[in-house]
Each structure stands twice: as structure tokens, then as C-alpha cells.
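Enquirer: Have a look; sequence and predicted model below, questions after that.
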Amino acid sequence: MIDRLKRLARAAAGAAALGLCLLALPAAAHAQTRIKLTLNWKYEGAQAWFFLAQERGYFKAEGLDVQIDQGEGSAAGVPKVAAGTYTAAFGDMNALIDFAARRPDDAPVAVYMLYNVAPFTVVVKQDSPIRSPRDFEGRTLGGPATDGALKLFPTLAKVAGFDPAKVRINNMAPNLREQMLLRDQVDGVFGYVNTVWFAAKLSGMDPDKDLRFIKYADYGLDLYSNTIMFSRKFAKENPEAVKGFLRALNKALKEVVADPDAGIAAVLKREPLLRADLEKEKLLATMKRDMSHPEIARIGLGDVDDARLKRAIDLVVQANQLGSTPAVSTVFDRGFLPARAERPTHF
């Protein structure tokens, strides 16, 4: 009888332990907060830090389950996050400003500035008669509808002094941009300097000899560009998840700066058909051209200068005749950033 009671007690204890384990499983699963991220463009070398953070388990170590999808243009992520299709996006700050002026309650919030130098450009052939933005009048320009440079065209017109209504705009698929320019189907194309430069090189052109870049920054547009943005609702309800995401990304970013080849290897695991040499060149050019504004020595990569961002907001609002002017704090929240000492201050 005593042995039987002992056996029953052991069985009960085992069942209780099993029950506790089963109860713990949902809690463990719940610990991985899911984040869906859409990038600015197709997978490429200049996104290396996202893939390295995922490959080395930095997101997972922060309790995050991060899905990374390719994008359709730097402006396309804003409405996708606003609609709840994605939790976060890597996209254009100026498109975010425009959206926030129109729909402030739905607009995402930027939390980490990556591209602090304006990369926007209109690209023409080297022998084109177009020499400045005023020469756009009477011409046909083309680009993807979600391209950040195209979205900012009215702002360029405002500061450069030409009538955008006198310019014909041809929307095209991103993969046709350089070929349509080469075949004279358009007089110029919108894009980011690095994006067009490397796409042209990959298609067999010599960008330095065959193309000219009319850069927005040369005409007074001192704008920020691509930033990490999150759903406002998600950031409010999950502040530690946003902080953890940025810690993981910032860690991977510093490692890519120290070892670009490791970053490119992570990209190639996601997209094996890419050329490693070209993607590394693109990565290094992006860090040099798009992420090296002198202000980062003072405030660190990821942060913004409030006065500079305020000027950019005013410019976008005025040029697009928007009905309201978002506050700096509405479009950018530095409260999620890693400490300044942890963020890069030069490249």
C-alpha cells in the first residue's frame, strides 16, 4: 500500500511538472515580439546591417522576431506602416513629413536617422542640354511613382525657381529607369545618386562618363532622407521592443563599418545572385555619401539636428502647400535611441 502511494505521488509530481512546462510554452513564445520591416528597395549591399543583425541573432537576443522584406521605393513604406501592413520601415523622412501634415494621427514616427545627407537627384545623359533644374521645363522626366526624389520634385521646383507644371512626368517600373534614359525615351530620371549610379554600372554604362547628376542638395535642399520609422501605436505600446530593435541594428551597423565584407556576406545569403564586389562598393559609397553629414560628430549617427529638421519640415510643407506643419517631435522621437556613446560619430 505504501509503495502504491509513493508511485501515485511520483506520478502526480511528474504530471504537475509537465503541466508547468506546458504553461510556460505560450509565455516563451510571447517573449518574441514580432516586427515586420519593409526596406527602401530591393535587397542590396547598403542594407547590410539589417541582415547582419538578423544573422548574428542580435534581434532575437532582444526578444524580437523580425521579418525583413524588400521595398518598392523610399516613399512606399510610409503608407504601409500607417495602414498596419508593416510595423516598421526604412524610408524617406520627407515622405513621412508630408504624410504627417495630412494625417498626423496615422503617421509613423522616425526613431533612427541613417541617411543624413540628401541623396536625391535627377540624372541626365552626359550630352544632354539640361544643365540645371530650370532646364527641366518642356522636358520629360521619369521615375518610379514611389521614388523619394520624384516625391520631392515640387520642393526642388520651389527653391530652384521653375514651374513643375511645365515638366512631363513619366512613371515607370524601377528596373526600366536607366534603360529608358539610355534610349532617349525620357530626358532625365529621378532617383538616389548611388541607386542610379550602380544600376547604370551594372547595365554596362560608365556612370562617370555617360551620365550627369543634378543633385537636389546643390540647390539648397539640405534635407534628411532615409530613416527607421515605426508605427506610432506600436512604439507607444512596445517602447522596449523599439529600443531593442535599435540596439541590435546599431550593434550590427558598427560591425559592418569595421568589417564590410561580413555585412556583404550576410546580404548575399539573402540574395545570392548579387555581385559581392559591386554591393561592397555600393555599401562603402552609401556610408561616404549618404551617412557622413558633419553633424554626426556632434550628435552621433541616428539623431537629428532639431533646427535643421525644422527647416526641412517648413520647406516640404510650403512647397507642397500642405495644410498643417508637423512639429519636430511629431515626426522624430529620439527617446528610443541607444546612448550617444554607443552610436557612430564618423565613417
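Expert: Arrived safely. Since the model is a prediction, treat every value here as computed from it, not as a measurement.

Enquirer: Where do the helices of the stretch 1-150 of the chain begin and end?
Expert: 2-30, 48-55, 58-61, 77-82, 93-102, 148-151 (DSSP state H, counting those that start in this stretch).

Enquirer: Centre of the chain to the fifth one, how far?
Expert: Relative to the chain's own centre, helix 93-102 is displaced by 14 Å; criterion: Cα atoms, centre = their mean, to the nearest Å.

Enquirer: From the contact counts, what lies against that helix?
Expert: Applying 3 or more Cβ pairs under 8 Å, 6 or more residues apart in numbering; DSSP states H and E, one finds that helix 93-102 makes contact with helix 77-82, strand 109-113, helix 148-151, strand 226-230, helix 306-319, helix 328-331. The C-beta positions use only the backbone N, C-alpha and C, and glycine is treated the same way.

Enquirer: in that helix, what's buried?
Expert: 93-101 (16 or more other Cβ atoms under 10 Å).

Enquirer: Tabulate the residues you listed (a markdown table), appending distance to residue 151.
Expert: Listed next are those as a markdown table, based on distance: Cβ to Cβ, whole Å:
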| residue | distance to residue 151 |
| --- | --- |
| 93 | 11 |
| 94 | 7 |
| 95 | 6 |
| 96 | 11 |
| 97 | 10 |
| 98 | 7 |
| 99 | 10 |
| 100 | 14 |
| 101 | 13 |
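
Enquirer: For these, name the two members farthest from one another.
Expert: Maximum pairwise distance among the buried residues of helix 93-102 (Cβ to Cβ): 12.7 Å, between 93 and 101.

Enquirer: confidence score at the spatially closest residue to residue 301 that is not a sequence neighbour?
Expert: The shortest distance from residue 301 to any non-neighbouring residue, by Cβ to Cβ, 6 or more residues apart in numbering, is to residue 344 (4.4 Å). With respect to pLDDT, residue 344 has a value of 97.

Enquirer: Pull the contacting residues for residue 344.
Expert: Contacts were defined as Cβ atoms under 8 Å, 6 or more residues apart in numbering; by that measure residue 344 touches 253-254, 257, 296, 300-301.

Enquirer: from memory residue 149 sits against residue 142, does it?
Expert: No - with contacts counted by Cβ atoms under 8 Å, residue 149 stays clear of residue 142, the gap being 11.2 Å.

Enquirer: Now the residue nearest to residue 301. Its backbone dihedrals?
Expert: Residue 344 adopts backbone torsions of phi -60, psi 140, taken as degrees, to the nearest 10.

Enquirer: What's the separation between it and residue 169?
Expert: Going from residue 344 to residue 169 by Cβ to Cβ, to the nearest Å gives 37 Å.

Enquirer: now residue 124
Expert: 15 Å.

Enquirer: who has more neighbours, those two?
Expert: Neighbour comparison, residue 124 and residue 169: the larger count goes to residue 124, with 23 against 14 (by other Cβ atoms under 10 Å).

Enquirer: right, and the more buried one touches residue 186 too?
Expert: No - assessed by Cβ under 8 Å, residue 124 is found out of contact with residue 186, at 9.4 Å.

Enquirer: In stretch 138-153, which residues are buried?
Expert: 139, 141-144, 146-153.

Enquirer: Show me what the residue most central in space within the chain is bridged to.
Expert: Residue closest to the average C-alpha location in the chain (Cα atoms, centre = their mean): residue 90, at 2.4 Å. Assessed by DSSP bridges, residue 90 has beta-bridge partners residue 228.
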